[in-house]
Structures are given as structure tokens and as C-alpha cells.
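K.L.:
compute the structure for the input listed below.
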Amino acid sequence: MGFLKKHTEKGSAPPKPVMKRQTSSNEIFKTQAKNSSEKIDPLAEARKRQIEEGHKIVDKMGKNKILTVLDKLIYIIRDKGGKVTMQELVKELKYNKKIVEFWAKILEKEDLLELRYPINIFSDPTIKLKKMPEPPKKSIELPAEKTLVENYNVTADFVRAQIKIWITPYDDVPIYEIIIPGVGEATSALLNQLTEELALSIPINIEDISDQKKIAQLKHVFFSAAKEKIKRKLPKIDDNYLSVLSGILMHNMYGLGEIEIIMADNFLEEVAINNSNVPVSVYHIKHGWMRTTKFINSEEEIYNFASQIGRKVGRQINSLNPIMDAHLVTGDRVAATLFPISTAGNTITIRRFARNPWTIVHLIDPKVNTLSPEIASFLWLAVQYELNVLVAGGTASGKTSLLNSISATIPANQRMISIEDTREIYLPKDLHWNWVPMTSRKANPEGQGEVSMLDLMVASLRMRPDRIIVGEIRTRTQAEALFETMHTGHAVYTTMHADTVEQVRRRLVEPPISIPKSELAALHLAIVQYRDRRKGVRRTLELAEILTVEGPGGEMTIDFNYLYRWRPRTDTFEKINESIRVIEELNMHTGMTTDEIRKDLDEKQMILKWMLENNIKDVNQVGRVMKLYYKNPDLIINATMTNRKPDFLGL
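P.N.:
This is a model prediction of the structure:
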């Protein structure tokens, strides 16, 4: 499927093509037999069983390919000079004439072969190779001088791909190499034919693709039907290959083709298709922006992908509506534009909903170092005792990741409502029983059906929530509703764009938001996230309490008590001041003394370090620890003090 173009320096002429002797079918299949024992491959056993029927081989480009008997048929005809008799083909393939003729007709329909029947019925039909297979698709070739920084596998619907991340001296960003099992040209022609048959036999309604449960059922039905049809046409195909081909067929029909494999990588936050002339770009949670080795074949294919996404969610994208903003049922957000609005070509940007979100334990890991255990324990304390927290920062600074991670520390006996434009919040399963996630909706092309964030915030107040999580505040009406919610006794956690705590104050009290300073007093903590684009790291820049001071004449002013700040020179977190407001609030509402609060913070910090040492990072594992802590704190505290293994948690 992938092709490696010769790597040249910028501005140099491309090398002249070198004509090579074509490899015979016997040589190809011998190569497979030789290499099968050397490669570590989950389909190794299948390869051995498929010597006659079809093979996963190493082709001339060095990429893996799945070949079936149809590809072997093409190779045999090519080796015979492009023309053979039916009897010769039957002898080579070792199948009866009826099934060989059946295969030849499949390939004739796809314009690969020409089947000629003589006038004399006793003469043997001839089969002629009508056209050579299309040239491989364009891809990036990696230079010889490169360093592998990460290597792992991803699987989507039985289609397994290998991901290799390289650093080269010639590229400003890492290269995301995706090695996808290719399919022989003749087998690909069969899949094209089956696409039409399956589309007719399995009709799909809009309702079926707008509900996640129905989509899962539909995929099961389609997958079973695809396997049955492939098995009928290739009776001896191995079950492993059968599943892979069925998965590829499903991706091509109802998905985004090979992009579905990229979408299966849970380390990716963004997948960006900028046009058909440049490779697909991805944003990796560890390595930042990267170029992939995958190109989209044409602008038309990008448009087809965007149109298909739109149909699934009842959206349109065309020359009259060249911009589309859509949310998939999986929670992923899609932004698409068409040429000439995007002057370089059609685009699709997919922001993936986190399947395995970051937790507070991830963030205190020294390898990540987004915040210190001391800061994390303080935020946990604030969430436990229902203090209002605002997370600020620039684009992609980790605001939502931090918001999501501290939300996982909410006690499981409370009712939660999350309100977002794009579904990004994901809470532990132990909190799902009384959690209502809501997302806004834009108007349809006729201007009807809009549900704004403000609509959801007003509606949430009628649902008796204990905690409200708001993805982001952008407008004055949203801010007014949010702070009014705080004043009515609900604990609120939210984000906004601001680079410092002082900018948070200015954005809230000055135009265009301009909320009264008295309203701002309801906010307890402001925490600012920072992204260093040069180093590709995210840090908690500062954490501060909001203090209100009454000036002369009764005028209220807003002040800050900075608690922690990140020092970039040493990449460490420094404690600036002791808490004033949080200590006073807890003392007033819980009766805890300053010493008791400090002891609580020390215990929380100890628990977080214990979770880190025992690799308790999964969001549901963290949720389980929190649930047990709130139910029986001594159990968790004693486990950390005795360094007990977390087996008793049942994770």
C-alpha cells in the first residue's frame, strides 16, 4: 500500500528510474518461505499454511503485503509473457477449471484481465493480462541516518500496523512511520468488487450511524458478511488473512481507509490532513507534532472523507458550505475546509477524544513533570472540599488534561454534570453512575437546532448537581452564568485562555467579559498551565488563591496570594507563600486546624507517590483508589505507609 520515493535534498533533481528485472511468482513465494522463519509476526503460522493459497510477503519495496491466490494468478500470467491458456493456469494453480475461470472473471470485471473464448468450443480459452497494476502510492522515504525513538503496534478491526517514530538530521520534527499491511493488486480488485455487493446487501440508515451502540452492531453485521463473501470467493484463505481483509474492507467502506489505523493510536491527540501534496500530520502526546509517511491520494479523496464524516452527523460540506465543524459519536471533533477557502487544498483536522486520558499520577511522574506532588495534593484537597478552581493557559498547554485529572478526585457519592463544546472530559467508571456529560450543538444549515453552552449551564442547574465541570468559558454570558452558579453553592471547575493569573483577572473583570469584582470573589483558586514549544513540555506555571480586599469607600479590589511557581532555569516548582484563604475556608467549614490540614496534605502527597511507584495511572485505577480513600481512608493510608502492593484494590 505504501511506496517509498527516493529521498533527495531540497532543490535537487529526482533520480532517474532504474529498470529492474521483474521478480517471478516462484521467486516471490520462495522469498516468503525463506523470510517467514526470520520475521516475528503474529501471522507467521498463517503464512506457513498459505504457501499455495496466498502469502504475506516482502515485496521489492521492503513493505509487507498480503497476497492471495488471485495475485498468484496475475504473477503466473505475467511470467508467461502476459498470455496463457486456461489449462496452463489450472496446472500452475492446482485448482479445477471452474474455480480458476471464476477468479479470471472477477479480475476481468475489474479490468485487469481479458478472458477470450474461442469459436471452437473444444479449444481452450486464453487469458491475457490487460494492464499492469497501478504504481504504488507516494510516501516518504526515510534517510539511512536516523534514530529510532519509539516502536509499537496499533490494531483497528484486526488490521495491525507497526508504528516507528524516527528522528533524522534533516527534519525539524520526528517522522511517524506507519507500516500497514498492503494488499496485492488482484486482491484489491476483489475487495473493490465486494464493496459494491456489500453496499447493496447491507443498507444503512442515518440513525444507524449516529448511535454508538448501533454502529457497533452494524460493524459486527458487516464484518461477518464481509468474511462470508471473501470466504466464498477464496475458499482456502486462512482465517487470519480473512479477518485482516475484512477489516480493510470495512475501513474502506464505512471509515477513512488507512486513516482508521492512525486513529487507533491512543497516543495521538490530533490527526491533520492539510492537502494531498503533503503527508498527514499528527500530534503525539510524547513527541508533539510529527510528519507521517502517509499521503492522501487526491483532493477528491479528502473531500469524500469529509463528506462521509458529515453524513454521519447530519452535516453538509460543499461549495456553498465549505467549512464544517462536527462531532463524531466517538467524541472526536472534526474541522474540515474545502478549496479555495483553504488555498492549498482540502483539509480535515480531527481532535481525538482521549481513550486513555491523563491522570494526576501521570502529571507528577518525573518523566512528565507537569506539576509536583505537593501541588497535586493541594489541588486534590481543594476538589475534595468543594472549592472552585479555574485552570488557565494557552492553546495546547494542558488545561483540559489538568481539569480532567483533578476531576477524577471528586468523591463518588456526588452528582456531576460536565458541559463542553467538544467532548474531552472522561471521568473514572466509579463516577459514571451519577455523571451527566453534555455537549453543545451548532445550528443546522437552516439555522435551527442550536444548543449553546449557556443553554446547557442553565439546564444543569435544574438537575441538582453537586459539581459542575465546564470545558471552557469564552463569553460574558457564560462567565455570568458560571459565577452565578458558584454563588448558588455549586462547586465549579472550568478553563479559560490566559497566560498568567493576572491575565485571568483582567480577562474576567475588563471588557468584553466585564463581570463585577464581587462575582470574582466566588473563585478560590486559579492555576495556569504553560507549554514550552521549543522543548515540547507542559508545566504548571503558577497557582494562586484569589483574595478580596475592601478598599477606601467600600470599593472591593482583587488580589492574589501566589502559592507555587515553576522555575524554568532549574525546571522545578517553588513554594512562594503559605495558603491563606483555603486554610481559612476549611477551618470555617470543616473545623480542621492548620496542623490537621497540613497532615491531610502530607497524607495525600504520600498516597500520590505510592500510586506512582506502583504504576497506578489508568483513569479507572485512580478512580478506584479515590473511591476507597473516601470510604476508608485508613486503608489507603496504611497501605502507603507500609508500602503495600496494590493487589488488595482488585485493579
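K.L.:
can you mark which positions in the host helix or strand of residue 418 are buried?
P.N.:
If you go by DSSP states H and E, residue 418 is part of strand 416-420. Across strand 416-420, burial judged by 16 or more other CB atoms under 10 Å covers 416, 417, 418, 419, 420. For every residue, glycine as well, the C-beta is placed using N, CA and C.
K.L.:
again with stretch 537-556
P.N.:
Neighbour count says stretch 537-556 has 537, 538, 539, 540, 541, 542, 543, 544, 545, 546 buried, by 16+ other CB under 10 Å.
K.L.:
closest to residue 621 out of the buried residues of strand 416-420?
P.N.:
Of all those, residue 416 has the smallest distance to residue 621: 19.1 Å, by CB to CB.
K.L.:
gap between that closest one and residue 261?
P.N.:
As for residue 416, its distance to residue 261 is 34 Å (criterion: CB to CB, to the nearest Å).
K.L.:
helix, strand or coil: sort out the closest residue in space to residue 578 that isn't next to it in sequence for me.
P.N.:
Once flanking residues are discounted, residue 578 sits nearest to residue 563: 7.9 Å by CB to CB, 6 or more residues apart in numbering. Taking DSSP: H, G, I helix; E, B strand; the rest coil as the rule, one finds residue 563 in the strand state.
K.L.:
for residue 319, grab the count of nearby residues.
P.N.:
Neighbour count for residue 319, taken as other CB atoms under 10 Å: 9.
K.L.:
isn't it right up against residue 337?
P.N.:
No: using CB atoms under 8 Å, residue 319 is not in contact with residue 337; the gap is 11.9 Å.
K.L.:
so what touches the one helix or strand residue 105 maps to?
P.N.:
In this assignment (DSSP H and E), residue 105 forms part of helix 97-109. Contacts to helix 97-109, defined as CB atoms under 8 Å, 6 or more residues apart in numbering, come from residues 69-70, 73-74, 86-87, 89-90, 93, 113-115, 125, 127, 130, 186, 189-190, 193, 233, 235.
K.L.:
hang on, the earlier thing: partners of the helix or strand following the strand holding residue 418, with directions?
P.N.:
Scanning forward in sequence from strand 416-420 by DSSP H and E, the next helix or strand is strand 435-439. Note on strand 435-439: by DSSP bridges, its sheet partners are strand 416-420 (parallel).
K.L.:
can you show me the CA trace of the strand it pairs with as PDB?
P.N.:
Output of strand 416-420 as PDB, limited to C-alpha atoms (Å, rounded to 0.1, in the frame of the first residue of the first chain):
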ATOM      1  CA  MET A 416     -21.600  15.600  38.500                       C
ATOM      2  CA  ILE A 417     -22.500  17.400  35.200                       C
ATOM      3  CA  SER A 418     -19.900  18.300  32.600                       C
ATOM      4  CA  ILE A 419     -20.600  20.900  29.900                       C
ATOM      5  CA  GLU A 420     -18.400  21.100  26.800                       C
END
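K.L.:
so where is the stretch 51-200 of the chain shaky, pLDDT-wise?
P.N.:
51-64, 121-122, 131-138 (pLDDT under 70).
K.L.:
just the strands in it please.
P.N.:
With strands called from DSSP state E, counting those that start in this stretch, the stretch 51-200 of the chain shows them at 55-58, 64-67, 83-85, 113-116, 126-129, 147-156, 159-167, 175-179, 182-183.
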